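K.L.:
okay, here's the prediction I keep looking at, along with the sequence it came from:
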Amino acid sequence: MRSRTELSLDPNESTSEMDEESLPPFSGVSSERAKLVLLYLHVNRRADVSELAVVLDLTQLSLYPTLDELTRHGFVDRAGSTYTLA
């Protein structure tokens, strides 16, 4: 069994080797940007908008609507400027 920080992004790897807890919570998420945010938070536990923008090579302005949507739908929690998985 892998730890959460050992999540493989190899598309050729069988997901049957991973338990359900190691998979990011993508059910019902269609936006690629939202999936990137969730994956980053899954691996790193928390981030602020500036960190997400740098790491994901996106503008902060483009991330706010995505983060607001993820927060409204219960995927992420916000404490000040820091976001975590819900």
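P.N.:
Ah, there it is.
K.L.:
tell me the helix or strand right after the strand or helix carrying residue 47.
P.N.:
Secondary structure assigned from DSSP states H and E places residue 47 in strand 46-48. Using DSSP H and E, the helix or strand that directly follows strand 46-48 along the chain is helix 49-56.
K.L.:
next secondary structure after that next one?
P.N.:
Following helix 49-56 in sequence, per DSSP H and E, is helix 60-72.
K.L.:
elements contacting the strand holding residue 47?
P.N.:
Contacts defined by 3 or more Cβ pairs under 8 Å, 6 or more residues apart in numbering; DSSP states H and E place strand 46-48 against strand 82-85. For glycine as for every other residue, the C-beta is placed from the backbone atoms N, C-alpha and C.
K.L.:
how far does the strand it packs on sit from its chain's centre?
P.N.:
Chain-centre distance of strand 82-85: 9 Å, with Cα atoms, centre = their mean, to the nearest Å.
K.L.:
same question for stretch 51-68.
P.N.:
On Cα atoms, centre = their mean, the centre of stretch 51-68 falls 12 Å from the chain's centre.
K.L.:
let's have the chain start at 10 instead
P.N.:
That works, and once the first residue is 10, the last one we named lands at stretch 60-77.
K.L.:
would you mind pulling the contact partners of that stretch?
P.N.:
Contacts with stretch 60-77, where a contact means Cβ atoms under 8 Å, 6 or more residues apart in numbering, come from 40, 42-43, 45-46, 49, 56, 58-59, 85, 87, 92.
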